[in-house]
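**Student:** Fold the following and give me the result.
(6 chains)
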There are 4 protein chains.
Amino acid sequence: MRTREGNKKQDILDAAIQVFAESGYYNAKISRIAETAGVATGSVYLYFHNKEDILFTLFDRIWLELSEQLQVIVDRQDITPEQKLDGLIDMVFGVLTNNPSLAIVFVNEQSHLIQKGVGDFNVYYENFLDLGEKVLQEGMDNGEFSPDINLKIIRLFTFGGMHHLIQKWAQSPDSYPVEVMRQQVKSLIKKGIKI
Amino acid sequence: MRTREGNKKQDILDAAIQVFAESGYYNAKISRIAETAGVATGSVYLYFHNKEDILFTLFDRIWLELSEQLQVIVDRQDITPEQKLDGLIDMVFGVLTNNPSLAIVFVNEQSHLIQKGVGDFNVYYENFLDLGEKVLQEGMDNGEFSPDINLKIIRLFTFGGMHHLIQKWAQSPDSYPVEVMRQQVKSLIKKGIKI
Amino acid sequence: MRTREGNKKQDILDAAIQVFAESGYYNAKISRIAETAGVATGSVYLYFHNKEDILFTLFDRIWLELSEQLQVIVDRQDITPEQKLDGLIDMVFGVLTNNPSLAIVFVNEQSHLIQKGVGDFNVYYENFLDLGEKVLQEGMDNGEFSPDINLKIIRLFTFGGMHHLIQKWAQSPDSYPVEVMRQQVKSLIKKGIKI
Amino acid sequence: MRTREGNKKQDILDAAIQVFAESGYYNAKISRIAETAGVATGSVYLYFHNKEDILFTLFDRIWLELSEQLQVIVDRQDITPEQKLDGLIDMVFGVLTNNPSLAIVFVNEQSHLIQKGVGDFNVYYENFLDLGEKVLQEGMDNGEFSPDINLKIIRLFTFGGMHHLIQKWAQSPDSYPVEVMRQQVKSLIKKGIKI
DNA sequence: CATGAATGAGTGTTCATTCAT
DNA sequence: AATGAATGAACACTCATTCAT
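**Tutor:** The predicted model follows:
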């Protein structure tokens, strides 16, 4: 029974992260999410249109956060494209490993969104990838990165690789130390795209 | 509607690939799969224990094929580890882009399996990753690949990257030509892990 | 179609008595019970775990009522064991012939419960038989009833005989007048167990 | 895989007794009965119209046997009605306790038949009760049994009582020794209906 | 805004019965 | 006669969503 008004929507989202992570989207019951959030079942529908809307809102927020943080990195004038790439990788691992349940939902339920293609979340998703592309482009323009790389492909590959690592990490955090993952990915990518 | 004996199980699997690809596992109806396969609903249960069993069998077969083909590559004595890596990448793209629907199912429904961890398919999956690791190890041993790479992480990253590329390719094959994907991935990985 | 609160569970039980009596337990459809009760199919599951639970609850209530009423008879100090036996017989016929549908369910579906042996209903059942045994024992102790009778067997035989009579009565009430049944049973039992 | 021809129908009946006794009529699968009988599923339908027909045939046979044996007793000229009553009781216990599985089916699945009222088995059932009635009538005519007894009711009560005892006996044979049951029932009935 | 009882459409699974061989 | 793979109707149960309070 949360006290402060105005937190209910966030409470429900937080509850949904937990429940989706535990059971997966399709096996997650609205009643369970409501219970976890400390609200009545029907109240969920005061804040969300339907079950899918909860998931979309979650992704929306994740992509927004990733996008905003990446924007800061991209906008910096004091670091090289290579350093920006490092920052990007650190940031993604940071955001997702910061909340294991969220990471699980993020990597496991991706496909629902792809199949629909609806919602604003796509804006942030595309925006995120575009920013990543910008970093690569910048590096190509100033000769740091190889002119032969296909931006769209490399950005997808890199994102998919990290995505998969985080999925495994969420299952057994001890087997895949975050620090080692970061360092390996940075090294691989940078060597891989340099001139 | 009798067809030649011995094809029903495969007919159902083929139908399941289509239906799972179209609707996703949870929205796929057994009755639809049966209809697509040209059999009665009940017949599905002559060949599979339940819905989940169909999905597991599909994955089982994919991993088995990937495993078998990779084994051939790994066993070759006439090519270098680097060439084996090229072969691995070509093979994975080949197998999965050969059947777009299968590729969609493969990349979208992965999470169900991970959450369960049952079935022999895990054997093939682990086997596949072990073989990939063997290629990398071989290259490290003979000085072709950097001694600093973490095998487990690199193999997961690489697989996740290809996985994601194939997911995008399955959505819009024209935006991501298979040839370009192969070449880019080969180039990135090889440069990324070389000395 | 809201009715006064607190009646739904009883409405469903009443409907189940009718439907079970008409079709038998296995041929009774939940949807039919719900319809008869004036509620939606799903509502049945708000009050009962599953179909079996409805049946068990029915038996639970019947045995409870039989038990409670018998307890009153057993506790009386102003009548002889023989009179208590009369009272017992009157009571059982009274309770069951009061609701023919209930009687049908009671006598026809007994076997499901016996095969399971779960639920509290067993408590009331055993309790009922124990109380009946007590009446017999009392009569044996004060020399009214023969010392040669085997309590367990006589109580089961008597109950089974009444049970069967009620089954026939439920099928054609006119062929087996309740009054005659009562009188005949009383007479047979009392003469049969007296010294 | 039975060998001698001409036994299949009986094999299936024997198998059905076992399976019905174990699982109850509704939970018994035709495939299981066939398997137990050592024939193919479809073969069951060469000998029986449907599942119900198997049950009806079983009851048919039991009632026929009970009827035939009772006929012998009734026809004897050398014993009194009281002795015939003893014989009847011995015979019923004998037939049913001879095959516990059969007894279980007999007592548990009675209700299916009653609800239908079809099949020839009714003939034998009625015949059996009529023969029992004849014994009682004979005793009333020669002054051994009370003229006040209602034949239909007493015969049903008696049968129901034995029926219930056998049901309990089938569940735990050790708690209810057949000899004691016989003796108690004989004593109760005879004392109960005598002048 | 909040509740949670009520709804009823939707579907995986079973199994008696059929029939091509 | 015998088989057993195939059929498809049937139904218990679930749960996202609604709405009277």
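**Student:** domain parsing for chain A?
**Tutor:** As assigned by automatic domain parsing, chain A contains the domains A:1-48, A:51-193.
**Student:** Return the nearest residue of chain A with respect to DNA strand E.
**Tutor:** Per CB to the nearest atom of the strand, residue A:42 is where chain A lies closest to DNA strand E, at 1.7 Å. Bear in mind the C-beta positions are built from the backbone N, C-alpha and C, glycine included.
**Student:** doesn't that residue fall inside a helix?
**Tutor:** Yes. Judged by DSSP: H, G, I helix; E, B strand; the rest coil, residue A:42 forms part of a helix.
**Student:** And for it, the neighbour number?
**Tutor:** Residues near residue A:42, counting by other CB atoms under 10 Å in any protein chain shown, number 9.
**Student:** And residue A:89, by the same measure?
**Tutor:** 20.
**Student:** Among the domains of chain A, show me which one is buried the most.
**Tutor:** Burial of the domains of chain A is given as mean neighbour count (mean count of other CB atoms under 10 Å in any protein chain shown); domain A:51-193 ranks first at a mean of 18.
**Student:** Give me the mean pLDDT for it.
**Tutor:** Per-residue pLDDT over domain A:51-193 has a mean of 90.
**Student:** And DNA strand E, is that domain touching that?
**Tutor:** No. On the criterion CB under 7 Å from any atom of the strand, domain A:51-193 is out of touch with DNA strand E, staying 12.8 Å away.
**Student:** can you give me the end-to-end distance of that domain?
**Tutor:** 41 Å (CA to CA, to the nearest Å).
**Student:** Would you mind listing what in chain A touches chain D?
**Tutor:** Counting by CB under 8 Å from any CB of the partner chain, no residue of chain A lies close to chain D.
**Student:** For chain A, just list every one of the helices.
**Tutor:** A:8-23, A:30-37, A:44-47, A:51-75, A:81-97, A:100-108, A:110-116, A:121-141, A:151-171, A:178-193 (DSSP state H).
**Student:** Can I get the third one in PDB, CA atoms only?
**Tutor:** Going back to what we said before, that points to helix A:44-47. Extracted in PDB, the C-alpha atoms of helix A:44-47 (Å, rounded to 0.1, in the frame of the first residue of the first chain):
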ATOM      1  CA  VAL A  44      -3.900  -1.000 -13.600                       C
ATOM      2  CA  TYR A  45      -6.300   0.000 -16.300                       C
ATOM      3  CA  LEU A  46      -6.500   3.600 -15.000                       C
ATOM      4  CA  TYR A  47      -2.800   4.000 -16.000                       C
END
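**Student:** What are the contacting residues of that helix?
**Tutor:** A:8-9, A:12, A:30, A:33-34, A:37, A:54 (CB atoms under 8 Å, 6 or more residues apart in numbering or on different chains).
**Student:** what's residue A:101 in contact with, if anything?
**Tutor:** A:17-18, A:20-22.
**Student:** Arrange those in CSV, one row each, with distance to residue D:139 as further columns.
**Tutor:** Output for these, formatted as CSV (distance: CB to CB, whole Å):
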residue, distance to residue D:139
A:17, 83
A:18, 79
A:20, 79
A:21, 80
A:22, 75
